[in-house]
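Chemist: return atomic coordinates for the entry below.
(chains A, B and C)
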Amino acid sequence: MLTLNHFLVLAALLFCIGLFGVLTSRSALRIIICVELLLNAVNLNLAAFAAYVAPQEAVGTSFVIFLMVIAAAEVGLGLALVISLNRTSSIEAIDTLNELRG
Amino acid sequence: MTVSLVFFYLYAAVAIAGALGLVLAAKLVHAVMSLFATLFATAALYLLLGSEFLAAMQLFVYGGAVTVLVLFVLMLTSPTEQAPSPTASRTRLVAAFLSVAFFAVLASTVGGATWAPLSEQVHTTESLARILFSRYVLPFEVAGLTLTIALIGSIVLAREEPDDDVGEEAC
Amino acid sequence: MSVLSYSWVLPLLPLAVFVFVVITGRRTPRLLAPVLGIGSMAVVFAASIAMLSLTAAGARFNATITWLQVGGRAMEIGVLVDPLAAVMVAIVSFVSLLVQLYSIGYLHGEERFRWFFGAISLFTASMLGVVLSNGWLLMYLCWEIMGLASYLLIGFWYHKGAAPPAAMKAFMVTRAGDVGFALGLALIWLNAGSFLFEDVFGMVSTGAWSGPSLIAAALLLLAGAMGKSAQFPLHVWLPDAMAGPTPGSALIHAATMVAAGVYLIARSFPLFEANPVTLTVVGVIGTITAVMGALIALAQSDIKKVLAYSTISQLGYMFMALGTGNWIAAIFHLMTHAFFKALLFLGAGSVIHALHTQELKHFGGLWRKMPWTTATWCLGALSLAGIPPLAGFWSKDEILLSALHAHQYGILAAGILTAALTAFYMARTTFLTFFAAPGPESMSSRAHESPWMMTVPLVVLAALAVTVGLVGSPLTGYSFFGLLEAYEMPKLNLPLAAVAIGVALGGIALAWSSYIKKLIEPDGYLRFSFISGTVARGFLIDALYTNAIVCPATYIAGVLRVIDGAVIDGAVNGLGGAGLLTGKGLSVFDRKGIDGVVDGLGEGVVDAGDGVRRTQTGNVQTYLLLLVAAILLLVVVFAR
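Modeler: So this is what the prediction gives:
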């Protein structure tokens, strides 16, 4: 029997893999696509909850739509940042950026 | 073991493999391709959940637009990933531990809960449209505005020559 | 649905003007901004007249919408139109209208001419929002917007040295009170579960909410009111706020910002009424402020500073009225004060406009050159001094009367003392500016009368300063009190009125004999070092704040900055090094016995420093790592 837990565990797994990627990647580009993976896992959660818990109303599904919009905006801005970062300092490795160093 | 369960495991395997590839692949191009695999598998999972509209959107927005955009940026910047820095291996170890622990916490939480089985009455695209354009019409418009602003922001950020006299006159 | 149901539009009109000015900047004709601002105010004022007549006939409007749904409970905001709101809307819109008309003349050569009208419009919009809201939540939102607008107005001449610090001071000091307001909001929500006046007042009147939490909530609201209404000890921002353009000062000190605090307490009066102790606190604060402000005003040499401390003193008067339980008298005094103080500020602005100085010693004998300004100013000053039948007399008398009825003889005595002081310093300022023979430093010969845009508002305000008090006098049957549904109509107490008039005349006579007839040495009392030193500098409260709060804070901030700058490479390593050095020194000193322990100590410190250093890598991913670890820890600990 396919249950909600299947989807939730899968989403958790995808989320944690993405988290690992965000924490360890040295490339800004890869961090951005890892963030996409995180959002994707959340979307999967929402869609699964929508289908199982409140199938009459498409509230969860509409949230997925909103998240997709936000993700598209985020990826657009993030990639623009990568381009301008690449142009101004030709730094690609993110861990060499330490302007926040105290 | 039902048919849907078989398909679920198939898609899940693709998604996980794609995610792992995304994180572990040496070349960025491969990572992007792995992302595409994961996104595709997620679209299939949406179908399994009875939400064909979401599946289509997933393919359009993520599989199409986002992946192509990332590939374009990859081409434009042609980055070369440096070798991991000396401290990186330890960071990776800590990050791996944290991620596994996070998953353990999440999975144990999920495992402890029981939910209703998947209902037969599946919501349709129509109900989604109904809710998007009635109760959530304002958030819908705001989301559109957000997207527009983000696009303008991206253009400003990625412009070749940053204009010095942008702020013409502060009133 | 009555026409009152559209009253929510009123604050949006000036807000739209502000948005328009911000967006269009300099691309519009120069006069468009004032025309729009004045036009919106004219509409609001006309509407307020309609509101007054409708509410006087018994109409009310109270509508609520749900703003947020939080945990099954709705946070509601809405609009309330009753006589109190209608009166306030009328005062605010009328004064704002005249101030804007006046500003066209006053700021004619100003570079940021349009922006001034935008800021004034934002200010007025926020004040209208405050008086029209039917709950504390919306009121607080508008209240904070008003704080921003005051910052913009006071800092209008941001290139002048005094304006930016003054703007910041006004913002920070009122913020100190606003923290109290916000906490009060939280207490109200916690205990009553609603922000709406009607709900909370219902709970208070039925006794469903009482006890210490009610007292605490009332006192916290009082803190917010003290900040905005410049009550002791949060009054220090108001004199500095004179750095803004004079019309802006007139608006801030007459009809909007400082009135907001009095209005807040008048509106929340059931909360205060429920416990006599809170009313006592209000009365004590008002008494201290009234006497203190009047004393400081005696010793000022700057015409705007005199008016500023006078405003503080008169606000203290209003708080005294609130403390005696007569909030209608406070609102009455607020109304008369709005007109005559706006008149005085605009009159002072007319003088400053002519001479480009604010020092009293530069004035003198101006009545020949500026007849309109002089005549209107004198009416305003007499009104403030409490000479019948001008407006100030009736409202001041009302406050003294309510103190007498409430058997608050301390407040009564302080009120009479303040009345005498007020008459004296206003007479002093008037004589020194307009009537005394010009002194050696006088620049009066350059003076000229202001253009009609400036004198017309003066004349209109003077007419009101003379007549508006009649609505609270026996001649009209106390119609103002009837409108606001007073439980009991006041009755003129002739002995008390005689005493008040007597001390006022005495103060004026003293000033006359001193500054005109020179029978007493002018400003002789300033030779006492206590008065010229301590009193003139506001009883050194500012200096106290500087020494007790600002300096230590700056010092700590500086120390923290040094520590912060050095903590990575300096302090921590230095500590470690020092530890190591100590350890080594000790080990040399006592190598035989305990060198292992000491070495361990030193190295331990070094390692600790090194470890702390490592957390500050500047690498966002490391921070993120720690963040995730912290979240995980929190989940594991608390999600059991």
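Chemist: next up, the contacts around residue 44.
Modeler: With no chain named, the answer covers chain A. With contacts taken as C-beta atoms under 8 Å, 6 or more residues apart in numbering or on different chains, residue A:44 has the following neighbours: A:7, A:10, A:11, A:14, B:42, B:45, B:46. Backbone N, C-alpha and C define where each C-beta goes, glycine included.
Chemist: hmm, no, I was thinking of chain C.
Modeler: C:10, C:13, C:14, C:89, C:93, C:128.
Chemist: and it, how far from residue C:396?
Modeler: According to C-beta to C-beta, to the nearest Å, residue C:44 and residue C:396 sit 29 Å apart.
Chemist: how many neighbours does residue 6 have?
Modeler: You didn't pick a chain, so chain A it is. When neighbours are defined as other C-beta atoms under 10 Å in any protein chain shown, residue A:6 has 19 of them.
Chemist: should've been chain B
Modeler: By the other C-beta under 10 Å criterion, the neighbourhood of residue B:6 contains 11 residues.
Chemist: for the residue lying closest to residue C:173 once chain neighbours are set aside, what are its contacts?
Modeler: Closest residue in space to residue C:173, ignoring its immediate chain neighbours: residue C:237 at 4.1 Å, by C-beta to C-beta, 6 or more residues apart in numbering or on different chains. Listed by C-beta under 8 Å, 6+ apart, the contact partners of residue C:237 are C:166, C:169, C:170, C:172, C:173, C:174, C:230.
Chemist: which other helices and strands does the helix or strand containing the fifth one contact?
Modeler: By that I understand residue C:173. Taking DSSP states H and E as the criterion, residue C:173 maps to helix C:163-192. Contact analysis of helix C:163-192 by 3 or more C-beta pairs under 8 Å, 6 or more residues apart in numbering or on different chains; DSSP states H and E lists helix C:136-154, helix C:197-206, helix C:212-228, helix C:237-240 as its packing neighbours.
Chemist: let's test this: mean pLDDT of the shortest one, rounded?
Modeler: In this model, helix C:237-240 has an average pLDDT of 82.
Chemist: check the first one too.
Modeler: Model confidence over helix C:136-154, given as mean pLDDT, is 88.
Chemist: buried residues in that helix, which are they?
Modeler: C:136-147, C:149-154 (16 or more other C-beta atoms under 10 Å in any protein chain shown).
Chemist: so where's the chain uncertain?
Modeler: Picked chain A for this. Low-confidence regions of chain A, defined here as pLDDT under 70, cover residues A:55, A:88-102.
Chemist: not what I meant, chain B
Modeler: If you take pLDDT under 70 as the line, chain B has these spans: B:1, B:78-88, B:115-123, B:160-171.
Chemist: ranges for the helices of it?
Modeler: Using DSSP state H, the helices of chain B run over B:3-24, B:28-48, B:52-57, B:67-77, B:88-111, B:125-132, B:137-158.
Chemist: could you do chain A as well?
Modeler: A:4-24, A:28-52, A:59-89.
Chemist: quick one, the last one and helix B:137-158 angle?
Modeler: By that I understand helix A:59-89. Direction vectors for helix A:59-89 and helix B:137-158, defined by axes from the mean of the first three to the mean of the last three C-alpha atoms, to 10 degrees, enclose an angle of 10 degrees.
Chemist: quick check: residues of the stretch 351-500 of chain C near chain A?
Modeler: For the stretch 351-500 of chain C, the contact set with chain A under C-beta under 8 Å from any C-beta of the partner chain is empty.
Chemist: where's the residue of the stretch 351-500 of chain C found nearest chain B, which helix or strand?
Modeler: Of all residues in the stretch 351-500 of chain C, residue C:453 sits closest to chain B, with a separation of 22.8 Å (C-beta to the nearest C-beta). When secondary structure is defined using DSSP H and E, the element that contains residue C:453 is helix C:452-467.
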